[in-house]
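Participant: Have a look at this prediction, sequence included:
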Amino acid sequence: MSLSREKDYGTPLRGDGPIVTLTVDGVRVSVPAGTSVMAAASTMGTQIPKLCATDMLEAFGSCRLCLVEIEGRRGTPASCTTPVEEGMVVRTQTQRLADLRRGVMELYISDHPLDCLTCSANGDCELQDMAGAVGLREVRYGHDGERHRTVAKDESNPYFTFDSSKCIVCSRCVRACEDVQGTFALTIDGRGLGSLVATGGPDFLGSECVSCGACVQACPTATLNEKSVIEMGAPTRAVNTTCAYCGVGCSFRAEMQGDKVVRMVPSKDGKANEGHSCVKGRFAWGYATHKDRITKPMIRAKITDPWREVSWDEAFAHAASEFRRIQKTYGRDAVGGITSSRCTNEETFLVQKVVRAGFGNNNVDTCARVCHSPTGYGLKTAFGTSAGTQDFKSVAKADVIMVIGANPTDAHPVFASRMKRRLRQGAKLIVIDPRRIDLVRTAHIEADHHLALKPGTNVAIINALAHVVVTEGLVNEAYVRERCDLADFESWARFVAQESNAPEGVEAFTGVPAADVRAAARLYATGGDGAIYYGLGVTEHSQGSTMVMGMANLAMATGNIGRDGVGVNPLRGQNNVQGSCDMGSFPHEFSGYRHVSDDATRDMFENLWGVTLSAEPGLRIPNMLDEAVDGRFKGLYIQGEDIAQSDPDTKHVTLGLRNMECVIVQDLFLNETAKYAHVFFPGASFLEKDGTFTNAERRINRVRKTMAPLAGLADWEVTLGFASALGCDFSYDHPSQIMDEIAALTPTFAGVSYAKLDELGSVQWPCNAQAPEGTPIMHMDRFVRGKGKFMITEFVPTDERTTQRFPLILTTGRILSQYNVGVQTARTRNNVWHDEDVLEIHPFDAEQRGVRDGDLVAISSRSGEVALHARISERMQPGVVYTTFHHATSGANVITTDYSDWATNCPEYKVTAVQVQRTNRWSDWQAEDRASADLMRRVEGRADAAE
Amino acid sequence: MKADKLVYMANQIAAFFRAQPAAEAQTAVAEHVRSFWSPAMRRDMYEHLRAGGEGLDPVARAGLETLMEREAPAGRTSGASG
């Protein structure tokens, strides 16, 4: 259990409905209709004893501890299942109630071990608390009840244990798995005293459990308990902060003993997650203190030299002198920087400031280049701003949910749980994805339509959907007339109405039956409020930006923008992708998405920063690497990114890095890119600094320091030190001052301050004079750009085609337990679930190649070759193979190509023509990489520096 | 940057805007390149154009030529920024 430290109202609070006034123990209390008597009492400070109730779950009414007396009613109803009524008079404490509760507790305790003093939940156990609350002094039935001590403790999960002997069968874990997580991995097996919680598998690890922690959180005893608590004991303090994994941006309480994390517990008042979590944020934080952490700055002259540990001052001075030397020799534009979506807004803002004000150019980019840069371009073009339109809770109002190129149950699991809840309530689901993702068919959910298109044909499908809407008279004409540019709409409507865009016209190359496309289009257009959620399966294509505009077109044509339950929403990959983009990380724009050539904006920055800024766009990451290969780009400052692993066409990336004369890597670990670095600035984890992250719903959440930086400096302080050595006059004592500067320079952040974030918990930008408490839903009355803009989105097939030599299409994705390039999660016990990347291949393709499950196979493309073990799977369609990129040794990006989105250069990770064949050896690249890894990571005087 | 890469990028941009009327498409190509390509990339492209512009599709070429003319004075001096 973990929620006892946060207020627990016993049943969910109801936010809407008419106000009802009742009397509880002689005190009048007013709450919304639908609230339970238990929650009403709790709002006035009266905690009615309870065991099976918790406000994360709907009332269950099984423990009979929360009985109350209500005037005019017979008996003693359960307060958790009794809704309030006007004029109701309730008594929560009478002799009769006290006797009943003691009797109930006697029964519970007669069946529970009395080892409280040595129990891992001692002091944090609701059963213990309730025994005290009801005044239990004796157990008339003795203590020899059925305690299930013969059932072995299940310790299979790496993070928590399950001990049946402590279980009171309150069903909170089962209900949490169903209602909160939506996995339905648990059930109650048996009857009466023989009842036990069961997983449906041999043990927790072998079951369908996704280790989200909801059951552990819900458990009122030590039955489900974190191993870290068992090992360390109860936490003694807590710090509210924000998860550093995906773009959902869950709020957590870091529960600590001194400067050590005991556990991370999701916050119920976190608006992004409302008390839920996933296996990464809840449990996979051990990387922060992993032995591989580098805690001393290091430099070296050549990448083949061993690293030499130096002081911070020496590292800053060396890095600055190298960058200045390079600029003097090769020109001002020969250096640049990459900001990190894993770092805070303040740190990101500071890096782009160093580049613009310190380097004197706009050669700054961020990892959004390789994930959601098309979102920025596409949504800004259509709507006027580069962000999703809704808050997460909007999905609870959607009638039709369209998931395109995203796999939320793996990549954004906490949001997926919200989505699944709505789907179980009856919302319709359309999945557009080449792969049969879990959402297509999972517990109590089945997609109404799965359009399993061929990779690379997104735009053809979105145009075909629009074709049906336009030609079948399904356009919301009133909306389009009022909200959109009519001339643009008309030319777009003429375009999509062409027969070449009809479902029948594209069926041959999309692989999707026309009838399915027509049915899906009709459902989206007529099924009520339609919401689009999408991921990298949309953006990471040569037509990524076109597809984003295509989705915007479809949403506008059907009137699905500008209110609750609708919208076009990117599911962002990393925790602060939205923020890093907001903060001016792109080479063509300042914070708030304003082009560098805009004189008024530039004046504002120049006046505050006291320097002259370039009005010319700088280089994007792939441009930097191209220029490096060509010999013009020589120095790169990389904060918290690992481009040697995450960016496409690894050989090209590493060639560019090798050609540079000074690469600075700032990171927690000696990552793949650090093998090519000359300066290493040790970074700080999210636990070691203050700042803010902005999640995929534009929510700005506070990150709070729980422990001192292991290397002595937080990342913002490192950048400050580097800037100072470069001669920049930046002066900040705390990240809050950086946020003040962001607010002063960025209209959409004008109302943001740490004081406001502390007061409200979080805000969604725009937050300014017009919206002082932020903006949950955008484009309500008008689009940011004024009228919504329809763009003509002609399907242009990618140049990456299958051939006789490379007859299969490789597409890539993520898995629940691992995160991005694995720098963090691969250093945790999450490897239990996924310790290597494998190649998923359809049985038909496998059989043709004589490949059996588990065989080592060579995957070759025109870029390179790697070897992975094969997993035969029907989740892929024939002709398409799939892998993840979580482990550096896999080298998945050795085979991806340099093709990219036409507008943003976002790489086309999702389409690579490959051949697959059995092999008995690792590829040459993998062999060389392994041979050189230790050599390039040596540290003078240390034998164990290599990862 | 190498001409073949720039030509490929320019042609991709043109392929998107080609669905628009010719004049608008050319302007859109020019605006896109002006907004997102660094001065050095533009200079390299102008050099390629002056050398004949091999490989450029007509929409891309027309847009880039318009931009080159517009930037002529700056194009000759923008090396100062680099």
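Facilitator: That came through fine.

Participant: for chain A, which spans come out with low pLDDT?
Facilitator: Applying pLDDT under 70 to chain A picks out residues A:1-5, A:145-148, A:943-947.

Participant: Around chain B, which positions in it sit nearby?
Facilitator: Chain A comes close to chain B at residues A:331-334, A:361-363, A:495, A:542-543, A:545-546, A:587-588, A:595, A:597, A:614, A:616-620, A:623, A:626-627, A:630, A:632, A:792, A:794, A:796, A:902-905, as judged by C-beta under 8 Å from any C-beta of the partner chain. To be clear about C-beta, it is placed using only N, CA and C from the backbone, and glycine gets the same treatment.

Participant: Roughly how far does A:R829 sit from chain B?
Facilitator: Here A:R829 is placed at a distance of 43 Å from chain B (C-beta to the nearest C-beta, to the nearest Å).

Participant: Disregarding residues adjacent in the polypeptide, which is nearest to that residue?
Facilitator: Spatial nearest neighbour of A:R829, excluding adjacent residues (C-beta to C-beta, 6 or more residues apart in numbering or on different chains): A:P158 at 3.6 Å.

Participant: Which residues are in contact with that neighbour?
Facilitator: Neighbouring residues of A:P158 by C-beta atoms under 8 Å, 6 or more residues apart in numbering or on different chains: A:205, A:227, A:283, A:829-830, A:832.

Participant: just A:E507 next, same as before
Facilitator: Contacts for A:E507 (C-beta under 8 Å, 6+ apart) come out as A:513-514, A:517.

Participant: one more time with 7 Å, if that's ok
Facilitator: Listed by C-beta atoms under 7 Å, 6 or more residues apart in numbering or on different chains, the contact set of A:E507 reads A:513-514.

Participant: ok, so what distance separates it from A:I461?
Facilitator: 10 Å (C-beta to C-beta, to the nearest Å).

Participant: Find residues that contact each of those two.
Facilitator: Counting by C-beta under 7 Å, 6+ apart, A:E507 and A:I461 have no common neighbour.

Participant: re the thing from before, please flag which of the contacts of A:P158 sit within helices.
Facilitator: A:227, A:283 (DSSP state H).

Participant: could the contacts of A:P158 be laid out in a markdown table, adding neighbour count and distance to A:A218?
Facilitator: A markdown table is the format used below for the contacts of A:P158 (neighbours: other C-beta atoms under 10 Å in any protein chain shown; distance: C-beta to C-beta, whole Å):
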| residue | neighbour count | distance to A:A218 |
| --- | --- | --- |
| A:L205 | 16 | 19 |
| A:K227 | 17 | 17 |
| A:F283 | 26 | 16 |
| A:R829 | 17 | 22 |
| A:N830 | 27 | 22 |
| A:V832 | 14 | 23 |
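
Participant: burial count for A:T54?
Facilitator: By other C-beta atoms under 10 Å in any protein chain shown, 29 other residues sit near A:T54.

Participant: what's near enough to touch it?
Facilitator: With contact taken as C-beta under 7 Å, 6+ apart, A:T54 is in contact with A:3, A:8, A:10, A:172, A:218.

Participant: sec struct for whatever residue of chain B ends up closest to chain A, please.
Facilitator: Nearest residue of chain B to chain A, counting by C-beta to the nearest C-beta: B:Q12, 3.8 Å away. Here B:Q12 is helix, with the state taken from DSSP: H, G, I helix; E, B strand; the rest coil.

Participant: count of neighbours near it?
Facilitator: Per other C-beta under 10 Å, the neighbour tally for B:Q12 reads 21.

Participant: Please report the distance of it from A:E482.
Facilitator: Relative to A:E482, and taking C-beta to C-beta, B:Q12 is found at 35 Å.

Participant: Please apply the same query to A:C116.
Facilitator: As for A:C116, its distance to A:E482 is 66 Å (criterion: C-beta to C-beta).

Participant: element containing the residue nearest the centre of chain B?
Facilitator: For chain B, the residue sitting closest to the mean C-alpha position, by C-alpha atoms, centre = their mean, is B:L64 at 3.3 Å. Here B:L64 sits within helix B:58-70, counting by DSSP states H and E.

Participant: Mind listing residues that contact that helix?
Facilitator: Under the contact criterion C-beta under 7 Å, 6+ apart, helix B:58-70 has outside partners B:10-11, B:13-14, B:17-18, B:25-26, B:29-30, B:33-34, B:45-46, B:49, B:53, B:56, B:75.

Participant: now stretch A:798-811
Facilitator: A:434, A:455-456, A:541-542, A:845, A:859, A:861-862, A:879-883, A:895, A:897, A:899, A:908, A:910-916.

Participant: These in helices, which ones?
Facilitator: Short answer: the contacts of stretch A:798-811 in helices (DSSP H) are A:845, A:895.
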